[in-house]
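S.K.: Let me see the structure of the following:
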Amino acid sequence: MRVYLLVIVVAAAVTYLTTPLVRRLAQRVGAITPLRDRDVHSVPVPRMGGVAMLLGLAAALLVASRIPFTSRVFDASPGPQWVLAGAAIVCAVGVADDIVQLDAVTKLAGQVLAAGVMGWQGISLLQLPIGGVTLLSAPAMMAITILVVLVSVNAVNFVDGLDGLAAGIVGIGAVAFFLYSYALQRGQFPDDFSSLATLVAAITVGCCVGFLPHNSHPARIFMGDSGSMLLGLLLATATIAATSTVDPETVADAEIVPAFFPLVLPVAVLLVPLGDMLLAVVRRTRAGKAFWHPDKKHLHHRLLQMGHSHRVAVLVMYSWAAFLSFGAASYAFLPLVQALAVALAAGSVVLAFTFGPLFWRRSRGRATRTADEAVAAGTAPPRERSARPREGVHDGA
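M.R.: Predicted coordinates for the structure are as follows:
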């Protein structure tokens, strides 16, 4: 665990220290997010933060390659260097989009190229024979692998709409996936429990932690498509790499449930952005628009419309991401009844946090209106005005 913690610290430190430099670079090359109808920020903000995350990824992989415990991962095939190659491709496409606004087809082609390079080198979903019958061919599994990467990349891109939102949600999900992957590997391979999935999940946590201080509200830099696509690719890579622990001979055994759990957990981790993306596709298609046409009806926009502040809306989304990701992970460690009880209690807290302040605010508003109506009708004394001026309000010219 100490080695993975070191990797997290390295990724976080390099990302944090290089982000101001990337911010200045973004200002020079014109990678600035303009003010648009669907945005909630009020001033132009530099983007291209994914470059700092890519540097954090590269530094963490370099350190990991020099540590005996994790260097074994680099000796195996496929190696983490191909994760870095795929990340560099998708980040480069994102940087180009952050500067000159690429069309959807070009971005999709870049994402397919990045996923294809990794899949070609072995970072691909496994071919799983059951009873001697091959379920899918190798080309079909490659196509599914690319599809998984595309869905993950675009899901994170869709949810990137508020300061700190995407980095926080991905960071929370990556923590849950890291803990699960670490426990799974240590339980199955006590002599050598290092793995590509755990390493990638740890680095993803570090990149998010290092970037969040610069991206939290009010953000000084946005991650842009270079960052959202990079984080989506890393999440998909951890998922795909985790399936390498599945032994096809155990398909009929009871152990196949925890073995296949790496496929279930990322769905829970990305359920919030995936749900947002699915709703957006349906909404825009029904409106007769292209599904990639942006609007201002995402889940985070609706939270703002409900009356939540910017920070509270982000925290609400965080709470749902934590509930879904850690709730799903708990099923792998707790008996079903206990896991359901924990999920029910956590879900109740998240629902109260989401809607409780709104009910309280409406009740307070009704009480205020009732008091004002009583004063207007002469049935109650008028409320005294404070002699002290309100904070932030200045007298005089």
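S.K.: For the residue minimising distance to the centre of the chain, which non-adjacent residue is closest in space?
M.R.: Per C-alpha atoms, centre = their mean, the C-alpha nearest to the average position across the chain is that of residue 170, at 2.3 Å. Excluding the flanking residues, the one nearest residue 170 by C-beta to C-beta, 6 or more residues apart in numbering is residue 231, at 4.6 Å. Every C-beta, even on glycine, is put in place using the N, C-alpha and C of the backbone.
S.K.: For that neighbour, give its distance to residue 204.
M.R.: Taking C-beta to C-beta, to the nearest Å as the measure, residue 231 falls 7 Å from residue 204.
S.K.: Residues that sit against both of these two, list them.
M.R.: Shared contacts of residue 231 and residue 204, defined by C-beta atoms under 8 Å, 6 or more residues apart in numbering, comprise residue 170.
S.K.: for the residue nearest to the centre of the chain, phi and psi?
M.R.: As for residue 170, its main-chain torsions (degrees, to the nearest 10) stand at phi -70, psi -40.
S.K.: Over to residue 33?
M.R.: Dihedral angles of residue 33 (phi, psi; degrees, to the nearest 10) stand at phi -80, psi 110.
S.K.: wait, it sits on residue 46?
M.R.: Yes: using C-beta atoms under 8 Å, residue 33 makes contact with residue 46 at a distance of 7.5 Å.
S.K.: Show me the helices in the stretch 201-350 of the chain, by range?
M.R.: Here the stretch 201-350 of the chain has its helices, by DSSP state H, counting those that start in this stretch, at 224-242, 256-269, 271-286, 299-305, 310-330, 336-377.
S.K.: weakest of those in terms of mean pLDDT?
M.R.: The minimum mean pLDDT among the helices of the stretch 201-350 of the chain belongs to helix 256-269 (a mean of 60).
S.K.: Burial check on residue 59, number of neighbours?
M.R.: Counted with other C-beta atoms under 10 Å, residues neighbouring residue 59 total 20.
S.K.: Kindly state the pLDDT recorded for it?
M.R.: Note for residue 59: predicted pLDDT of 97.
S.K.: Spell out which helix or strand contains it, please.
M.R.: Assigned by DSSP states H and E, residue 59 falls within helix 50-66.
S.K.: Run the angle between that helix and helix 224-242 for me.
M.R.: Counting by axes from the mean of the first three to the mean of the last three C-alpha atoms, to 10 degrees, helix 50-66 lies at 30 degrees to helix 224-242.
S.K.: Give the other helices and strands that helix 50-66 contacts.
M.R.: Judged by 3 or more C-beta pairs under 8 Å, 6 or more residues apart in numbering; DSSP states H and E, the packing partners of helix 50-66 are helix 2-29, helix 68-75, helix 80-100, helix 196-215, helix 224-242.
S.K.: all strands of the stretch 101-250 of the chain, in order?
M.R.: 129-130, 133-134 (DSSP state E, counting those that start in this stretch).
S.K.: hang on, the earlier thing: I figured the residue nearest to the centre of the chain hits residue 236, correct?
M.R.: No: checked against C-beta under 8 Å, the pair residue 170 and residue 236 is beyond contact range at 11.3 Å.
S.K.: returning to that earlier point: compare the helices and strands packed on helix 50-66 and give me the one nearest residue 146.
M.R.: The minimum distance between residue 146 and the helices and strands packed on helix 50-66 falls on helix 224-242, with 9.7 Å, by C-beta to C-beta.
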